[in-house]
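In: Turn this into a structure:
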Amino acid sequence: MIYIEGGTKSQRQLAKDLYYFCSQALSIKKPVDIDLRIQDVDHAEAWTDHEGEGKFYIDIEKDLTTNQFITAFCHEMVHVIQHLRDKLISEEEAYQLEVGLAEQFKSLNKS
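Out: Presented below is the predicted three-dimensional model:
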């Protein structure tokens, strides 16, 4: 489940759509709770914190373009799956996977 605070109405809807897409695309099978805050983020576009037991906090910069938001969200969801699979947190892997996820999401959601 995703809980969203802040951002615009369209950003909140986009985040919900991205959450469900990434959950499917990354084959997340464990229960996951994400508290997403769309707000000013210092020194980053986004970040993820893992509390344990499937509980995550994600902050995303509110002033990102739609494409930047999509890419940042996909990047952070890669970190979620890394935590769930007890893998080392790899920025390299997140950067590699974010592009494909973002492109797949955008192609599925063309208006």
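
In: Check the residue nearest to the spatial centre of the chain and give its pLDDT.
Out: What sits nearest the mean C-alpha location of the chain, by C-alpha atoms, centre = their mean, is Phe73, with 2.9 Å. You'll see Phe73 listed with a pLDDT of 97.

In: Next: the one 3 residues further on.
Out: pLDDT recorded at Glu76 is 96.

In: Report the secondary structure state of it.
Out: Following DSSP: H, G, I helix; E, B strand; the rest coil, the label given to Glu76 is helix.

In: where's the closest residue to the residue nearest to the centre of the chain other than its chain neighbours relative to Ile60, distance?
Out: Of all residues not flanking Phe73 in the chain, Leu18 sits nearest, at 4.6 Å (C-beta to C-beta, 6 or more residues apart in numbering). Yep, even glycine has a C-beta here, placed from its N, CA and C like the rest. From Leu18 over to Ile60 the distance is 10 Å, taken as C-beta to C-beta, to the nearest Å.

In: Find the residues that touch each one of the two.
Out: Common neighbours of Leu18 and Ile60, using C-beta atoms under 8 Å, 6 or more residues apart in numbering, are Phe73.

In: Report all helices and strands that the helix or strand Gln104 falls within contacts.
Out: Assigning secondary structure by DSSP states H and E places Gln104 in helix 91-108. Here helix 91-108 touches helix 9-25, helix 66-84, going by 3 or more C-beta pairs under 8 Å, 6 or more residues apart in numbering; DSSP states H and E.
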